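Peer 1: Quick one, structure for this:
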Amino acid sequence: MPPDKSIAFFARAGYAARGIVYLLIGGLATLSALGRGGQTTGSQGALERLLSAPLGEILLGAMALGLVGYALWRCIQAIADTDRHGKSFKGIIIRASLLVSAATHLLLAFFAINLIFTLGGSGGGSGSDGAAGWLMKQPYGQWLVGAVGLMMIGAGVAHSVKGAKAKFERHFCMPQSTQRWAYPICRFGLVVRGLVFIVTGTFFIIAAYQVNPDEAGGIAEVFSTFRKQPFGTPLMAFIAVGLFAFGMYSMLEAFYRRVDPP
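Peer 2: Numbers count the residues shown, from 1 in each chain. This is a model prediction of the structure:
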């Protein structure tokens with residue numbers, strides 16, 4: 001297979017893997033909000049649930065491969081600037097966020113591989129608080145955690161704007177008949193994922209301010225926070241359905257996104 005086709009294959013497999021993760025997160029949380037036995041969880045929890053499915057280890061191995069492919073594609077997007085963000089301040093920030101996304105999904109792939117070989121065993125700190133704890137131990141760790149929080153908030157705002165203005169359209173090659181039902185789902189999913197990023201970034205800034213990595217949190221903590229608010233269950237259901245919609249957006253990317261390897 002030529003290199004450009006190999007890259008395109010792994011990119012699309014990566015979008016599909018990310019989509020499956022968010023479909024699981026959103027679906028389980030929606031069932032929980034409806035009282036149907038689901039649960040609120042983050043990316044790692046979704047992979048743990050996948051392990052308990054029939055042929056779970058094979059499915060998890062395929063997911064790990066897809067997530068590695070996604071991380072590779074994110075690196076190519078950032079370094080080769082395949083989406084032409086440029087070298088302006090805004091462009092550099094977007095490309096830096098792509099590298100952060102690559103690292104995040106590579107760590108998620110390693111977590112999936114670890115699940116396979118430890119048969120579901122857990123290995124120490126995990127998720128956002130684990131990442132914040134590791135960063136906090138580095139030189140200028142408090143500032144690093146705060147910087148990650150700011151980057152998450154920036155990415156959240158960018159996601160919400162991308163969804164609200166349908167800026168993803170220029171990256172899609174999709175039949176018009178599909179656009180009519182797919183674009184509203186994509187817009188809703190991006191806006192909600194942006195909101196989740198903003199809340200998660202706020203957790204990181206609080207962790208940096210208090211010099212306490214336990215204050216950092218991911219998607220599971222976002223659900224928990226919304227559940228505690230007035231009208232918590234409807235709010236949680238709104239976020240859950242939005243993340244499920246983002247999963248569908250990722251699956252649509254796997255089929256219809258323009259992937260232009262350098």
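
Peer 1: Give the other helices and strands that the helix or strand where residue 70 lies contacts.
Peer 2: Element membership for residue 70, per DSSP states H and E: helix 56-80. Helix 56-80 sits against helix 3-33, helix 43-51, helix 89-118, with contacts defined as 3 or more Cβ pairs under 8 Å, 6 or more residues apart in numbering; DSSP states H and E. From N, CA and C alone the C-beta is placed, and that goes for glycine too.

Peer 1: CSV please, covering those and showing distance to residue 81, mean pLDDT and mean neighbour count.
Peer 2: Below are these laid out as CSV (distance: least, Cβ to Cβ, whole Å; pLDDT from 0 to 100; neighbours: other Cβ atoms under 10 Å):
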stretch, distance to residue 81, mean pLDDT, mean neighbour count
helix 3-33, 15, 90, 21
helix 43-51, 27, 86, 21
helix 89-118, 7, 87, 17
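
Peer 1: Tell me which of those helices sits nearest to residue 177.
Peer 2: helix 3-33 (20.9 Å; Cβ to Cβ).

Peer 1: helices and strands around the closest one, which ones?
Peer 2: Looks like helix 3-33 contacts helix 43-51, helix 56-80, helix 89-118, helix 232-256 (3+ Cβ pairs under 8 Å, 6+ apart).

Peer 1: From what I see, residue 241 and residue 27 are in contact.
Peer 2: No - with contact defined as Cβ atoms under 8 Å, residue 241 and residue 27 do not form a contacting pair (9.5 Å).

Peer 1: Looking at the helices and strands packed on helix 3-33, which is nearest to residue 174?
Peer 2: Closest to residue 174 of those, according to Cβ to Cβ: helix 232-256, at 4.3 Å.

Peer 1: which SSE is residue 260 in?
Peer 2: Assigned by DSSP H and E, residue 260 falls outside every helix and strand.

Peer 1: Please apply the same query to residue 155.
Peer 2: Residue 155 belongs to helix 141-164 when assigned by DSSP H and E.

Peer 1: Can you list the buried residues in that helix?
Peer 2: By neighbour count on 16 or more other Cβ atoms under 10 Å, the buried set for helix 141-164 is 141-142, 144-146, 148-149, 151-156, 158-160, 162-163.

Peer 1: Mind pulling the model confidence for the residue nearest to residue 169 when sequence neighbours are not counted?
Peer 2: Nearest non-adjacent residue to residue 169, counting by Cβ to Cβ, 6 or more residues apart in numbering: residue 183, 7.4 Å away. Here, the pLDDT recorded for residue 183 equals 96.

Peer 1: next structured bit after the strand or helix carrying residue 179?
Peer 2: Using DSSP H and E, residue 179 falls within helix 176-210. Where DSSP H and E defines the elements, the next helix or strand beyond helix 176-210 is helix 219-227.

Peer 1: Other residues contacting that following helix?
Peer 2: 25, 29, 40-43, 45, 127-128, 196, 199-200, 203, 217, 232-233, 235-236, 239-240, 243 (Cβ atoms under 8 Å, 6 or more residues apart in numbering).

Peer 1: mean confidence score for it?
Peer 2: Computed over helix 219-227, the average pLDDT equals 86.

Peer 1: which parts of that helix are buried?
Peer 2: Across helix 219-227, burial judged by 16+ other Cβ under 10 Å covers 219, 220, 221, 222, 223, 225, 226, 227.

Peer 1: what about the last one, distance to residue 149?
Peer 2: So that's residue 227. In this view, residue 227 and residue 149 are 22 Å apart by Cβ to Cβ, to the nearest Å.

Peer 1: if we can go back for a sec, which strands and helices lie in contact with the helix holding residue 155?
Peer 2: helix 89-118, helix 127-136, helix 176-210.
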